[in-house]
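In: got a predicted structure plus its sequence, pasted below:
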Amino acid sequence: MFSARFDTLLNTLSIKNIDISRKLFVDRSLISRWRSGSREPKNEEIAEIADAVIEACTEMDKQVSLCQVLKVSYDPMLFQETKTLTHILKKWLSDSGPDEKPKGIDWEKEPVAGMLQPVQFNLFAGFDGYRYCFKTILDMAIWRGKPFQFNFVGDDGLKWLTERQDFSTYLNQAFKKAMGTGIRVRIVVRISNTTWKMENYVRLWSLAQQIPETEVNGLYGLVNGEENRRLYSHAVLSIPEVGSMMGWSVKNSLHQYVSLITDPAVASHMCEDFDFLFSGCIPLTREIKDFSYGKMFAFINNDLFRDVYREYLSHSFSLPLFSLPEKTFFEMCKRAGIEEGCAGGLLDIHRELRKWFISYVQKGILEFFYVDRGWNEKTVLHQSFSLFGVKLTYTEDEYLQHLRAALKDAGTYINFHFYPIEKALYPSDIHLAYETFFLSYSHPWLQQVTVSTHQHFVSCVFSYIKTASRKLPGELSEIKKVKEKYLARYPKLTEI
């Protein structure tokens, strides 16, 4: 409707009511009524309003912004001979339809043909515009069949990247296809980590974590502050050898635009510029090479808990490691081919981890969300490859021994809460202490562990999991009902 578009337009162009009222020789209260919708202008008045808005765009940035809103190429002549622009603006103000209709792109089937012609500047609009440009660049990179690196930079929550399930599915399949054919993929993210956007960053991290060597960096606000905020208010994504996309939004409006650049030379220059601009980013997470069970325990058993609220949260595809009975752990190590002397050393570390658990739950809360997929002959201890370099597998009796020990701990220690859930709240194993550290294991086929001691990021991941957990059934909090559930599924539990 007219009022919504007129109000958005004046906000976007930073034009005041009095500026329009003076040009139309009307009271400025009439402008307020037009903006609020309490009064609709006549058809001939809309043409006069369009002329007044164009006349108020005396500065180049306002002229460019107006062209972006109307989705026309900027040309200074439009503001000298205004008849054409007035007609376009009048039609836009009179149009009662939505500003942007979803394109309904099928991310699986869109062809790559024709994408490889060098293009300096193609303008798209909205979140589907972002997704289309991203898909174009990703398909081009995979088509080349060579290693590539994605660079994300900007002051954006990247919601367009994570909000659509079909698009996320496409990305997962595309990355797996690339890595499955031996293409080395790397993602480097440099983002402004303001609190209100962190949930989107957590989702982005969840997606990026599936790619080895992912690097996530945060920056509080943009360099040079407000001066750069409008130009770089969204993402720049670049693969230097292929192309780039640069997105931005018009200030004080919901309009979002993205340009697609498939000229590698220009893409490389953009990458260099933004590398310099965001060189002050702080690592949110870091990958740990040659991680081990001992390093994990050494990391959590230090003074990081001092003077903080003591709450520890785990989300895992494996039963609690500290609840695994010693005898069961030793037998699993031997069956996996770990030498007896080495297995004995791991067992000593395991005992220390058990002591840490008992000490911790006497002072603070430990919540463990177990993504329960049941037992079968291929069931592995999900973290084992990252920790030991080999997969530890369960026999059915060993799995039930571990499950029984976890249930016993939940009944013994009042501050240990064990929640078996069927659907993951997060795509991988994570273990974090509130405002302290974040430890994450990748998928079992990758030997990848990441750590973060960035308190702001850790707290947001913690809040993200806690918020998701509020939707879980209430009976999960009652250990008696949890035990009844498992006894019904595994009658052999009573014999073990």
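Out: Received, thanks.
In: quick one: contacts of stretch 170-187?
Out: By C-beta atoms under 8 Å, 6 or more residues apart in numbering, the residues outside stretch 170-187 that reach it are 107-108, 135, 138-139, 141-142, 145-150, 152, 161, 207-208, 210-215. All C-beta atoms are positioned from the backbone trio N, CA, C, and that covers glycine.
In: these in strands, which ones?
Out: Those of the contacts of stretch 170-187 mapping onto strands are 148-150, 152, 215, per DSSP state E.
In: quick one: G337 is in a strand?
Out: No. Judged by DSSP: H, G, I helix; E, B strand; the rest coil, G337 forms no part of a strand; its state is coil.
In: switch to numbering from 848
Out: Okay, residue one is now 848; in that scheme the one you just asked about reads as G1184.
In: phi first, then psi, for the residue lying closest to it once chain neighbours are set aside.
Out: Spatial nearest neighbour of G1184, chain neighbours left out: V1237 (6.7 Å); criterion: C-beta to C-beta, 6 or more residues apart in numbering. With angles defined as degrees, to the nearest 10, V1237 sits at phi -140, psi 160.
In: number of residues surrounding V1237?
Out: V1237: 14 surrounding residues under other C-beta atoms under 10 Å.
In: for it, give me its contacts.
Out: 1183-1185, 1231.
In: re the thing from before, nearest to S1106, of the ones in strands among the contacts of stretch 1017-1034?
Out: F999 (15.8 Å; C-beta to C-beta).
In: how is the nearest residue to that closest one once chain neighbours are set aside assigned, secondary-structure-wise?
Out: Counting by C-beta to C-beta, 6+ apart, F999 lies nearest to V1036, which is 4.4 Å off, once chain neighbours are set aside. Secondary structure, three-state DSSP: V1036 is strand.
In: which strand residues bridge V1036?
Out: F999, V1063 (DSSP bridges).
In: and it, how close does it get to L1131?
Out: For V1036, the distance to L1131 (C-beta to C-beta, to the nearest Å) stands at 8 Å.
In: tell me the pLDDT at the residue of the chain most remote from its centre?
Out: Among residues of the chain, the one most distant from the C-alpha centroid is F872; the distance is 50.3 Å, by C-alpha atoms, centre = their mean. As predicted, F872 sits at a pLDDT of 87.
In: quick check: domain ranges of the chain?
Out: With domains defined by automatic domain parsing, the chain comprises 849-941, 969-1131, 1134-1342.
In: hey, which of those domains is tucked in deepest?
Out: domain 969-1131 (a mean of 18; mean count of other C-beta atoms under 10 Å).
In: closest to the centroid, which residue in the protein?
Out: Short answer for the chain (C-alpha atoms, centre = their mean): L1051, at 1.8 Å.
In: any stretches of the stretch 1098-1247 of the chain with poor pLDDT?
Out: Scanning the stretch 1098-1247 of the chain with the threshold set as pLDDT under 70 gives 1098-1103, 1121-1127, 1150-1156.
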